[in-house]
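Enquirer: give me a 3D structure for the following:
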Amino acid sequence: MNIQQIRVLIVDDQRLMREGLRIILEDADDIDVIGEAENGMLAIQLALEKEPDVILMDIRMPVCDGIEATERIRKQASSSRPRILLLTTFDTPEMVIEGMRAGAAGYLLKDCSAEEVSGAIRTVARGQIILQAASAAQLLAGLSAPAAPPLPTPQLETSGLTTRELDVVKLIVKGHNNTEIASALSVSDSTIKTHINHIFAKLGARDRAQLVVLAYQLGIA
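Expert: Sure thing, here's the model as predicted:
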């Protein structure tokens, strides 16, 4: 039986880290490592050339860091792929928020297990969002902390979301895909897609990752 391969690009400035990740991922039958990059600029180039499904992206790198590379790759992408999974030692609230706003689909710390990395790749490849527990806590801490000056954010009472749309947002934040949301709410997949399009338009979100950030800001999550 043919297994659909998830094409993965590894981006990290440390050669040992890249080689270690390759060894871990090559043990998975459904993951194919198609390339490596030692900085964000090369990652941007390889994302165009190799068209990976998922990019494992470090943050602190020379030439072009992972946050900038994530934003540029997502802007040049013609579809929801590649999905970008940030894998780093840094877990400050600002870093988590910045990464998700740049378009990352997930955030893992480098102290996670091999199983967590491969599992996270499969999760984001399915179009879902993943935040490691520590990262989710940091995201909440960052969004609740005072900022100077504060960025304008939409208010729940003026966002115009219906009760059903709020239900959809909550399920997206929990990491459910469209089919799972449709099943939970007893509606069709097409209805959920319509709800999500309306939610994006009302909140000004460009994708699910940005929607998660906005949901925390609004207190929906």
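
Enquirer: excluding its backbone neighbours, what's nearest Ile121?
Expert: Leaving aside its sequence neighbours, Ile121 sits nearest to Val54 (CB to CB, 6 or more residues apart in numbering; 5.2 Å). Just so you know, the C-beta spots here come from the backbone N, C-alpha and C atoms, and that holds for glycine as well.

Enquirer: how's this protein carved up into domains?
Expert: Here the domain assignment for the chain is 6-144, 156-218, based on automatic domain parsing.

Enquirer: ok, Arg15 touching Glu38?
Expert: Yes - here Arg15 lies in contact with Glu38, judged by CB atoms under 8 Å, at a distance of 7.3 Å.

Enquirer: what's the biggest helix by length in the chain packed up against?
Expert: In the chain, assigned by DSSP state H, the helix with the most residues is helix 189-203. Helices and strands touching helix 189-203, by 3 or more CB pairs under 8 Å, 6 or more residues apart in numbering; DSSP states H and E, are helix 163-173, helix 178-185, helix 208-218.

Enquirer: and the angle for the shortest one with helix 189-203?
Expert: Translated: helix 178-185. Counting by axes from the mean of the first three to the mean of the last three CA atoms, to 10 degrees, helix 178-185 lies at 100 degrees to helix 189-203.

Enquirer: buried residues, helix 178-185. List them.
Expert: Buried residues in helix 178-185, counted by 16 or more other CB atoms under 10 Å: Asn178, Ile181, Ala182.

Enquirer: who touches the second one in this structure?
Expert: Counting by CB atoms under 8 Å, 6 or more residues apart in numbering, Ile181 makes contact with Val168, Leu171, Ile172, Ile192.

Enquirer: can you tell me which of those is closest to Arg83?
Expert: Comparing the contacts of Ile181 against Arg83 with CB to CB picks out Ile172 as the nearest, at 14.7 Å.

Enquirer: Glu98 is nearest to which of the helices and strands packed on helix 189-203?
Expert: Closest to Glu98 of these is helix 208-218 (CB to CB; 9.9 Å).

Enquirer: for that closest one, packing partners?
Expert: Under the contact rule (3+ CB pairs under 8 Å, 6+ apart), helix 208-218 is packed against helix 93-102, helix 133-144, helix 163-173, helix 189-203.

Enquirer: the inter-axis angle of the first one versus helix 208-218?
Expert: Translated: helix 93-102. Put simply, helix 93-102 runs at 130 degrees to helix 208-218, going by the same axes, to 10 degrees.

Enquirer: low pLDDT regions in the chain?
Expert: Along the chain, the parts satisfying pLDDT under 70 run over 1-2, 91, 93, 132-159, 221.

Enquirer: show the contacting residues for the most centrally placed residue in it.
Expert: The centre of the chain sits closest to Ala105, judged by CA atoms, centre = their mean, with a distance of 0.7 Å. Going by CB under 8 Å, 6+ apart, Ala105 touches Arg83, Ile84, Leu85, Val124, Gln128, Ile129, Ile130, Arg208, Ala209.

Enquirer: now with 6 Å, please.
Expert: By CB atoms under 6 Å, 6 or more residues apart in numbering, the contact set of Ala105 is Arg83, Ile84, Val124, Ile129, Ala209.

Enquirer: determine which two of the residues you listed are furthest apart.
Expert: Applying CB to CB across these, the maximum distance is between Ile84 and Ile129, 11.4 Å.
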